[in-house]
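Undergrad: any chance you could fold what I've pasted below:
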Amino acid sequence: MIAEGSQYGARNTEVREEPCIKCPCCGWNQALNRKGTRARLRGDDVREIHGPALPGRLDPETEAFITMRDASGGRGRGFPTLRSYTFAQAATDPAFRTYAAMVLAWARRLVQLADRLGL
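TA: This is a model prediction of the structure:
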């Protein structure tokens with residue numbers, strides 16, 4: 001079904017299901033099948049799409065767990081990374097230890113659930 005009269009023109013109102021995974025830290029959803037649709041619409045180069053959003057894709061021993069970003073503003077500047085902390089670094093830093101503990105507690109509950117489900 002196509003809706004008429006939108007200020008942006010006709011829009012598609014059909015429901016299209018897209019499987020997403022929810023981040024345990026922030027609750028944001030990430031499409032499991034990333035195809036670069038938005039990049040294509042913007043006219044960007046889509047040859048380097050990140051691929052599917054999969055848990056376990058990042059190595060928790062080497063990848064950033066917390067990043068410090070430059071949030072001084074300016075349209076189009078983005079948020080450049082100033083420095084980052086791995087999980088181990090965050091767990092030993094008093095400023096971030098609570099966040100590491102919360103993620104660890106969530107992971108333990110997830111393992112307990114998996115055990116109950118026989119996974």
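Undergrad: select the longest helix from the chain.
TA: Ordering each helix of the chain by length in residues (DSSP state H) puts helix 97-117 first.
Undergrad: show me this protein divided up by domain.
TA: 21-54, 58-119 (automatic domain parsing).
Undergrad: weakest of the ones you listed by average pLDDT?
TA: In terms of mean pLDDT, the lowest-scoring of these is domain 21-54 (a mean of 68).
Undergrad: the strands in this protein, which residues?
TA: 2-3, 11-12, 20-22, 29-31, 66-69, 81-85 (DSSP state E).
Undergrad: any chance of those strands in CSV, with mean neighbour count too?
TA: (C-beta placed from N, C-alpha, C; glycine too.) Formatted as CSV, the strands of the chain follow (neighbours: other Cβ atoms under 10 Å):
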stretch, mean neighbour count
strand 2-3, 10
strand 11-12, 10
strand 20-22, 12
strand 29-31, 13
strand 66-69, 13
strand 81-85, 13
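Undergrad: make JSON lines out of these and add distance to Leu117.
TA: Formatted as JSON lines, those follow (distance: least, Cβ to Cβ, whole Å):
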{"stretch": "strand 2-3", "distance to Leu117": "42"}
{"stretch": "strand 11-12", "distance to Leu117": "37"}
{"stretch": "strand 20-22", "distance to Leu117": "17"}
{"stretch": "strand 29-31", "distance to Leu117": "22"}
{"stretch": "strand 66-69", "distance to Leu117": "30"}
{"stretch": "strand 81-85", "distance to Leu117": "33"}
